[in-house]
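# Structural data only, the sequence is not supplied:
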Ligand code: BG6
């Protein structure tokens, strides 16, 4: 690993939930592993009136409630706390940045951070433009004494127009190389492993195309509802919240061509090419290729769960989707004609994210399967979370007379490795930004391209309320209509369980 240059991190929105739950714990883990630079400090900026001591205390509580928060953490926390500083601001208007500028200079001087600085925008998206304009107006974006970088959280726009607009604004204040648009899925170890699995093994790539792959399935299921985020979610919905960013990122990693080298430019170029090849769904096909659903009230494991429309912050007549399933095609030489099925939803039976590559059957049927089938359902399952690992399903002779065949699993679980600690996504992403490596961050053109895929669906839903939104009881696998997307005989979605090797049963109901 490169030795990190000395630097300061300035977090806007520092009194908020993201800073407490994700950013500070991630920085703390880097600190514990001695991965932070020698001269380093963190400045939190927020609208809540807190002293630096109160800020430290608030975050200490956050760290201590982490599962690994045992006595060692408390002892170690003190020197880390000394790196944390806080500055309350009345609002983020450009006029108030002289105070911020002075505080940055003071910390740069005290901690000798060498003029290098990351600005992390952990604020509501409405503030992205205001804050970056303020930084620009006070010259805080200028790379005269050291480098300046900016990290932008999702959501990046609410449609193509707003994403373009935001990109345009950011590029007036910073160069593309200074901008790090974060998508926490790319920080997941298992997501990065998709590329490694594909391109470090000679056995998969020859099969990884339309000649051998029947279809690809991507599922990201959650077994919780909107958890107090109804106000945000009701304006977003599953398509914006999960598909435009995380799931399309997964599509790009499964579908991309091998990059010429492991370098941000070549990887991000390949990502963009996949997104450019995704065939936009025509207005007339939306009902056939996209199924949306919303959870209704039910009882899960004896506990009554209210319907989405009863969640705080959600309209009683909401038509926002908490579930969406799509059928996409990638129009290029590798994937021509291979459908990609994608689904995500809140309050499904279990929390799981996985990619499943379904291979084509053998051209000639020789054997009979126990279940009356004639072919093995060869699948390669890449499990992103939980029970991270890889599983291959293939047919094997049932011992005894005749040639009966059954499907068996060959599986690898990360838990079997000696070093099983999977770093948190934010840990990896913060470290990458601190090193100036943008590979795992989204480029502006790729974000706009992914909105081009999603926009026609949003427009069709907006313009045509007749397009149905199906109810599904909380705790089930979404509306039955989603099965009709996979329209071939005997084929359904894989119904995964929390353990990688179990499937096919509606577990955990
Ligand atoms: C976030 C969404 O980006 O990702 C949430 O806003 C969702 O609604 C979360 O719950 C899922 O992330 P993970 O890492 O738990 O799969």
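Alright, I've got the coordinates. These numbers were taken from a predicted model, which means no experiment stands behind them.
# and the closest residue to the ligand within the stretch 351-500 of the chain, what are its bridge partners?
In the stretch 351-500 of the chain, the residue that lies nearest the ligand is residue 353 (5.7 Å; CB to the nearest ligand atom). Bear in mind the C-beta positions are built from the backbone N, C-alpha and C, glycine included. Note on residue 353: beta-bridge partners by DSSP bridges are residue 220, residue 385.
# For my notes, confirm residue 127 occurs in a helix.
Yes. Counting by DSSP: H, G, I helix; E, B strand; the rest coil, one finds residue 127 located in a helix.
# so how far is the ligand from it?
18 Å (CB to the nearest ligand atom, to the nearest Å).
# Show me the residue at the heart of the protein, geometrically.
residue 185 (2.9 Å; CA atoms, centre = their mean).
# What sits closest to it if chain neighbours are left out?
residue 246 (4.1 Å; CB to CB, 6 or more residues apart in numbering).
# now do residue 368
Ranked by CB to CB, 6+ apart and with sequence neighbours excluded, the top spatial neighbour of residue 368 is residue 404, at 6.1 Å.
# Flag every residue of the chain that's near the ligand.
222, 241, 353 (CB under 6 Å from any ligand atom).
# In three-state terms, label the second one for me.
Recorded secondary structure, residue 241: helix (three-state DSSP).
# Check it and give its pLDDT.
pLDDT recorded at residue 241 is 96.
# Leaving out sequence neighbours, find the closest residue to it.
Spatial nearest neighbour of residue 241, excluding adjacent residues (CB to CB, 6+ apart): residue 233 at 6.6 Å.
# how far away is the residue nearest to residue 157 when sequence neighbours are not counted from residue 221?
Residue nearest to residue 157 in three dimensions, not counting chain neighbours: residue 163, with 3.0 Å by CB to CB, 6+ apart. Residue 163 is 26 Å from residue 221, where distance means CB to CB, to the nearest Å.
# Please name the residues that touch residue 423.
By CB atoms under 8 Å, 6 or more residues apart in numbering, the residues touching residue 423 are 29, 189.
# where in the chain is pLDDT low?
Where the chain drops to pLDDT under 70, the residues are 1, 62, 64-76, 370-375, 420, 489, 503-509.
# Which residue would be the closest one in it to the ligand?
For the chain, CB to the nearest ligand atom, closest residue to the ligand: residue 241, 4.8 Å.
# wait, that residue sits on residue 229?
No. Judged on CB atoms under 8 Å, residue 241 makes no contact with residue 229 at a distance of 9.2 Å.
# Neighbour count: these two, which is higher?
For residue 241 and residue 229, the more surrounded residue by other CB atoms under 10 Å is residue 241, and the numbers stand at 23 against 16.
# Pull up the gap between the more buried one and residue 462, please.
With CB to CB as the criterion, residue 241 and residue 462 are 17 Å apart.
# Residue 448 is in what secondary structure piece?
helix 444-463 (DSSP states H and E).
# same deal with residue 26?
Counting by DSSP H and E, the element that carries residue 26 is helix 24-32.
# for residue 328, same thing?
Using DSSP H and E, residue 328 maps to strand 323-329.
# Please apply the same query to residue 190.
helix 189-200.
# Going along the chain, name the strands of the stretch 1-150 of the chain.
7-12, 40-46, 84-88, 117-121, 148-152 (DSSP state E, counting those that start in this stretch).
# ok so, going back, buried residues of the helix holding residue 190, list them for me.
Within helix 189-200, the residues scored as buried using 16 or more other CB atoms under 10 Å are 189, 190, 191, 192, 193, 194, 195, 197, 198, 199.
# got a list of what the nearest residue to the first one once chain neighbours are set aside touches?
Okay, so that is residue 189. Using CB to CB, 6+ apart and skipping residues adjacent in sequence, the residue nearest residue 189 is residue 422, 4.6 Å away. Listed by CB under 8 Å, 6+ apart, the contact set of residue 422 reads 188, 189, 190, 388, 414.
# thinking the residue nearest to residue 368 is in contact with residue 396, fair?
No. Using CB under 8 Å, residue 404 is not in contact with residue 396; the gap is 10.0 Å.
# how distant is stretch 250-259 from the center of its chain?
Put simply, stretch 250-259 sits 15 Å off its chain's centre (CA atoms, centre = their mean, to the nearest Å).
# Then stretch 383-397?
Computed by CA atoms, centre = their mean, the chain-centroid distance of stretch 383-397 equals 21 Å.
# What residues sit buried inside it?
Quick answer for stretch 383-397 (16+ other CB under 10 Å): 383, 384, 385, 386, 387, 388, 389, 390, 391, 393, 395.
# Specify the local secondary structure of the first one.
Three-state secondary structure (criterion: three-state DSSP) places residue 383 in strand.
# any idea how far residue 115 is from residue 137?
For residue 137, the distance to residue 115 - CB to CB - is 19 Å.
# Between these two, which is the more surrounded one?
Comparing residue 137 with residue 115 by other CB under 10 Å, the one with more neighbours is residue 115, at 18 against 13.
# The more buried one contacts residue 105, doesn't it?
No. Here residue 115 does not reach residue 105: they are 9.6 Å apart, not a contact under CB under 8 Å.
# any idea how far residue 240 is from the nearest residue to residue 457 once chain neighbours are set aside?
Leaving out its chain neighbours, the residue that sits closest to residue 457 by CB to CB, 6+ apart is residue 290, at 5.5 Å. When distance is defined by CB to CB, residue 290 is 13 Å away from residue 240.
# now swap in residue 405 and tell me
In this view, residue 405 and residue 240 are 44 Å apart by CB to CB.
# quick revisit: tally of neighbours for the residue nearest to residue 241?
Using other CB under 10 Å: residue 233 sits among 23 other residues.
# give the contact list for it.
226, 241, 313, 314, 320, 322.
# For these, pick the one with the most neighbours.
Among those, residue 322 has the most neighbours (other CB under 10 Å), with 31 neighbours.
# So it is in contact with residue 346, correct?
Yes. If you go by CB under 8 Å, residue 322 and residue 346 touch, sitting 4.4 Å apart.
# Mutual contacts of the two, please.
225, 226, 238, 295, 308.
# Which ones among the residues you listed map onto helices?
With DSSP state H as the criterion, helices contain residue 238 from among these.
# The shared contacts of residue 322 and residue 346: which two are farthest apart?
Maximum pairwise distance in those, criterion CB to CB, is 12.1 Å, between 225 and 238.
# Need the overlap of contacts for these two.
322, 346.
# Show the contacting residues for the residue nearest to the centre of the chain.
Residues near residue 185 by CB under 8 Å, 6+ apart: 191, 245, 246, 249, 250, 384, 425.
# Give me the distance between the closest residue to residue 208 other than its chain neighbours and residue 192.
Here the nearest residue to residue 208 in space, its sequence neighbours aside, is residue 198; by CB to CB, 6+ apart that works out to 6.6 Å. Between residue 198 and residue 192 the computed distance is 11 Å (CB to CB).
# ok so, going back, pretty sure the residue nearest to residue 185 contacts residue 222?
No. Taking contacts as CB under 8 Å, residue 246 lies outside contact range of residue 222: 11.5 Å.
# so where do the strands sit in the stretch 401-509 of the chain?
In the stretch 401-509 of the chain, the segments counted as strands under DSSP E, counting those that start in this stretch are 404-413, 470-473.
# Give me whichever of the ones you listed is most buried.
Stretch with highest mean neighbour count among those: strand 470-473 (a mean of 17; mean count of other CB atoms under 10 Å).
# Each with direction, which strands does that one pair with?
Going by DSSP bridges, the partners of strand 470-473 are strand 290-296 (parallel).
# Measure how the strand it pairs with sits relative to strand 323-329, angle-wise.
Calculated by axes from the mean of the first three to the mean of the last three CA atoms, to 10 degrees, strand 290-296 forms an angle of 170 degrees with strand 323-329.
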